[in-house]
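Asker: give the three-dimensional model of this entry:
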Amino acid sequence: MTRVIQWHLDKAGVERVTELSFKNEEKLVDDLRGVLKEQECAQTTKRQEAMQQLPESRHDPPRGRSRQLSLT
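Answerer: The predicted structure is shown next:
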């Protein structure tokens, strides 16, 4: 049997710890791949939402020169 301790922050920022036990290591690997895929999807969604918040002109920087932003 394989045990995995999962630590993460929930949506409210509260620390959560979960202990998972697996009799089958292949199932463990499949489950971990599923978790990684969910996290990738969540990050992609957050990026897309952030891009929608930007003014249209900031989506594509001008070609031929790099854009610099000043934080003033």
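
Asker: so the residue nearest the centre of the chain is in which element?
Answerer: For the chain, the residue nearest the mean C-alpha position is Gln43 (3.4 Å; CA atoms, centre = their mean). Assigned by DSSP states H and E, Gln43 belongs to helix 25-53.

Asker: gap between that helix and the chain center?
Answerer: Chain-centre distance of helix 25-53: 5 Å, with CA atoms, centre = their mean, to the nearest Å.

Asker: check which helices and strands that helix is in contact with.
Answerer: With contacts defined as 3 or more CB pairs under 8 Å, 6 or more residues apart in numbering; DSSP states H and E, helix 25-53 has these neighbours: strand 2-9, strand 15-22. C-betas here are computed from N, CA, C, even on glycine.

Asker: so how far is the first one off the chain centroid?
Answerer: Between the centre of strand 2-9 and the centre of its host chain there is 17 Å, according to CA atoms, centre = their mean.

Asker: what lines up beside that strand in the sheet?
Answerer: strand 15-22 (antiparallel) (DSSP bridges).

Asker: what does the strand it pairs with rub up against?
Answerer: Contact with strand 15-22 is made by Met1, Thr2, Arg3, Val4, Ile5, Gln6, Trp7, His8, Leu9, Asp10, Leu28, Asp31, as judged by CB atoms under 8 Å, 6 or more residues apart in numbering.

Asker: what stretches of the protein score poorly on pLDDT?
Answerer: Flagging of the chain using pLDDT under 70 yields the residue ranges 56-72.
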